[in-house]
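J.: Give me the fold of what follows.
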Amino acid sequence: MDFRFYQNIDDFIVEEQPIKFAGRGNFIIAKIKKKGLGTWDLLESLANGIQVYENELGYAGLKEKNATTTQYISIPKKYSKDLKRFRHNKIEILETTLHGTKLNIGDLEGNRFEINLHEVKIEDVGKIEKLLKQISKVGMPNYFGFQRFGHDGVENLEKARKYIYEDLLIKDKKLSKMLIAAYQSDFFNKWLVHRLKDSNESFKVLNGDVFRDYSKDRFFTPKNLTDIIERDFDLRKIVPTGLLPGRQAFRSMRDARVIEEKYDDTYIQEKGYRRDAIVFPKDISVKYNKDTKKCKLKFTLPKGSYATVLIENIMNRNLKA
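T.: Numbers count the residues shown, from 1 in each chain. Predicted coordinates for the structure are as follows:
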């Protein structure tokens, strides 16, 4: 479908869906709305504004710069007076509560998106709605979006390789972490391409695959794949996962490992983890304005998933191409 997608503060709006906060404790949880600032920009502005070290601030997820985003930041309670005095023309503190621990990556349920598509033909609105409903039932491949790799994606991956293998010196710790994360993500994306290619564009589970069981909050490998298949498992609760290589990562076994080890790198010293291979958008709504030819999409994705990947699924083309 031939429509226009723009990532800016008016057409790309995202709000974190947080975990449940305790309401008491030694950390302030600030719900913050920002425009045209990435998470690193936000942390730097907060640190300078209330005179704290950036590493004292906690966050649950990284958010885009070219968007209007609402996210949660943890701040030690002793800085409460400084926070009340904080002012910034692109940052608005909507509300605060207390929590017992500092926020860490992943401390959220998901993200709620509101995205405008432009120049949408009226005959395509039904197609978009139908596609979204279909994807919400069967899921979509959970690729890392182009934002993960930066504007100079290929160059960044080469820098990461040199940093890991050739002692390239990078003094900026944030930059080195971002480069390694991109390097790990590239392995995952290539693994997912391989698995989908072998499965005729749908994810076929293999003996030895590692699943995430959301009901018990654990990773596991079934002794026999038929045990999973015969239970007619719900992919929203028991999800096949792929590897982001690194230390302490849960590796797959048997048939699944034969493929996975092609996209593994045991030399990476950064902590590894596993990522859902399939995700399911939910709470979907589609509204069309025939005068402006603008189609407003609203949907929720699990944490770590990319709205741009969902848009690519609808468009059937790469946004970066």
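J.: so N207 sits in a strand?
T.: No: counting by DSSP: H, G, I helix; E, B strand; the rest coil, N207 falls outside a strand, being coil.
J.: Burial check on it, number of neighbours?
T.: By other CB atoms under 10 Å, 17 other residues sit near N207. Just so you know, the C-beta spots here come from the backbone N, C-alpha and C atoms, and that holds for glycine as well.
J.: ok, now which ones touch it?
T.: Contacts for N207 (CB atoms under 8 Å, 6 or more residues apart in numbering) come out as 224-225, 253-256.
J.: so which of those is the most crowded?
T.: Neighbour counts for the contacts of N207 (other CB under 10 Å) peak at A256, which has 22 neighbours.
J.: Contacts only, for the residue nearest to that residue when sequence neighbours are not counted.
T.: Distances taken as CB to CB, 6 or more residues apart in numbering put G208 closest to A256, at 3.8 Å, once the chain neighbours are dropped. Counting by CB under 8 Å, 6+ apart, G208 makes contact with 221, 252-257.
J.: ok, which pair from these is furthest apart?
T.: T221 and D255 (11.3 Å; CB to CB).
J.: Confirm that E15 sits in a strand.
T.: Yes: under three-state DSSP, E15 falls within a strand.
J.: That one - how many residues pack around it?
T.: 19.
J.: Isn't it up against R112?
T.: Yes: between E15 and R112 there is a contact at 4.8 Å, judged by CB atoms under 8 Å.
J.: so what's in contact with the two at the same time?
T.: Common contacts of E15 and R112 (CB under 8 Å, 6+ apart): none found.
J.: just the helices in the stretch 201-321 of the chain please.
T.: Secondary structure of the stretch 201-321 of the chain (DSSP state H, counting those that start in this stretch): helices located at 225-230, 254-260, 307-315.
J.: I should have written the stretch 51-200 of the chain there, sorry.
T.: Taking DSSP H, counting those that start in this stretch, the helices of the stretch 51-200 of the chain run over residues 80-85, 122-138, 153-165, 173-198.
J.: in the protein, which helix or strand is least confident?
T.: Here the helix or strand of the chain ranked lowest by mean pLDDT, DSSP states H and E is helix 225-230, holding a mean of 64.
J.: Okay, now the unreliable bits of this structure?
T.: Filtered on pLDDT under 70, the chain yields the residue ranges 200-201, 226-235, 320-321.
J.: coming back round to it: which among the helices of the stretch 201-321 of the chain is found nearest to L117?
T.: Here helix 307-315 is closest among the helices of the stretch 201-321 of the chain (CB to CB), at 7.8 Å.
J.: Report all helices and strands that the closest one contacts.
T.: Packed against helix 307-315 by the contact rule (3 or more CB pairs under 8 Å, 6 or more residues apart in numbering; DSSP states H and E) you find strand 108-118, helix 122-138, strand 140-141, strand 294-302.
J.: So for that helix, what gets flagged as buried?
T.: For helix 307-315, burial by neighbour count (16 or more other CB atoms under 10 Å) applies to 307-315.
J.: same deal with stretch 168-185?
T.: Buried residues in stretch 168-185, counted by 16+ other CB under 10 Å: 170, 176, 178-185.
J.: before we move on, what about stretch 87-95?
T.: 91, 93.
J.: How far away from the center of its chain is that stretch?
T.: 24 Å (CA atoms, centre = their mean, to the nearest Å).
J.: Could you do stretch 26-44 as well?
T.: Using CA atoms, centre = their mean, the offset of stretch 26-44 from its chain centre is 17 Å.
J.: How far does it stretch from one end to the other?
T.: This stretch, stretch 26-44, spans 21 Å end to end (CA to CA, to the nearest Å).
J.: now stretch 30-40
T.: Stretch 30-40 has an end-to-end distance of 16 Å (CA to CA).
J.: what's the neighbour count on the residue nearest to L62 when sequence neighbours are not counted?
T.: Spatially, and ignoring its direct neighbours in sequence, L62 is nearest to T39 (4.7 Å; CB to CB, 6+ apart). By the criterion of other CB under 10 Å, T39 has 18 neighbours.
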